[in-house]
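**Student:** here is a sequence together with a model predicted from it:
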Amino acid sequence: MIWNLLSLYQITKRTISTALHRQFENKFPAKQKLFQEDDGIPVHLKGRVADALLYRATVILTVGGTAHAIYQLAVPSFPNKQD
């Protein structure tokens, strides 16, 4: 009984470990070449559209958050007039 479980364990381990290595392609050299070429584009924007969208969203959220923080600090600074 124990030998059956041991052989089943070895079969599943071997099947899982060998199947995954053949499915994925190494894309690192292509990405490395893309990021190392000197084309005048900043590194944080070389990922094309996705990086540009993330950069712009970050800038918009940062500017908006700073403006909101300044507004929240300015509102209590000017008390309401009491009649």
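**Tutor:** That came in fine, so what should we check first? Keep in mind the model is a prediction, meaning the values are calculated, not measured. Residues are numbered from 1 along each chain as shown.
**Student:** and for E37, the neighbour number?
**Tutor:** 10 (other Cβ atoms under 10 Å). Yep, even glycine has a C-beta here, placed from its N, CA and C like the rest.
**Student:** show the pLDDT at it.
**Tutor:** According to the prediction, E37 has pLDDT 88.
**Student:** give me the neighbour count for the residue nearest to L34 when sequence neighbours are not counted.
**Tutor:** Sequence neighbours aside, K46 is the residue nearest to L34 in space, at 6.1 Å (criterion: Cβ to Cβ, 6 or more residues apart in numbering). By other Cβ under 10 Å, 15 other residues sit near K46.
**Student:** likewise K31?
**Tutor:** Here the count is done by other Cβ under 10 Å, and K31 has 12 residues near it.
**Student:** element containing it?
**Tutor:** helix 28-36 (DSSP states H and E).
**Student:** what sits up against that helix?
**Tutor:** Residues outside helix 28-36 that contact it (Cβ atoms under 8 Å, 6 or more residues apart in numbering): V43, K46.
**Student:** quick check: the gap between the residue nearest to L34 and G40.
**Tutor:** 11 Å (Cβ to Cβ, to the nearest Å).
**Student:** between these two, what contacts are shared?
**Tutor:** Going by Cβ under 8 Å, 6+ apart, no residue sits against K46 while also sitting against G40.
**Student:** for the one helix or strand Y9 maps to, give the mean pLDDT please.
**Tutor:** With secondary structure defined by DSSP H and E, Y9 is part of helix 2-19. For helix 2-19, the mean per-residue pLDDT is 65.
**Student:** one more: stretch 58-75?
**Tutor:** 97.
**Student:** remind me, longest helix of the chain?
**Tutor:** Criterion DSSP state H: the longest helix present in the chain is helix 49-77.
**Student:** how about that helix: buried residues?
**Tutor:** The neighbour-count check on helix 49-77 (16 or more other Cβ atoms under 10 Å) flags nothing as buried.
**Student:** centre of the chain to that helix, how far?
**Tutor:** Remark: helix 49-77 is offset 20 Å from the chain centroid, using Cα atoms, centre = their mean, to the nearest Å.
**Student:** for the remainder of this discussion, apply numbering that starts at 800.
**Tutor:** Done: numbering now begins at 800, and the last item shifts to helix 848-876.
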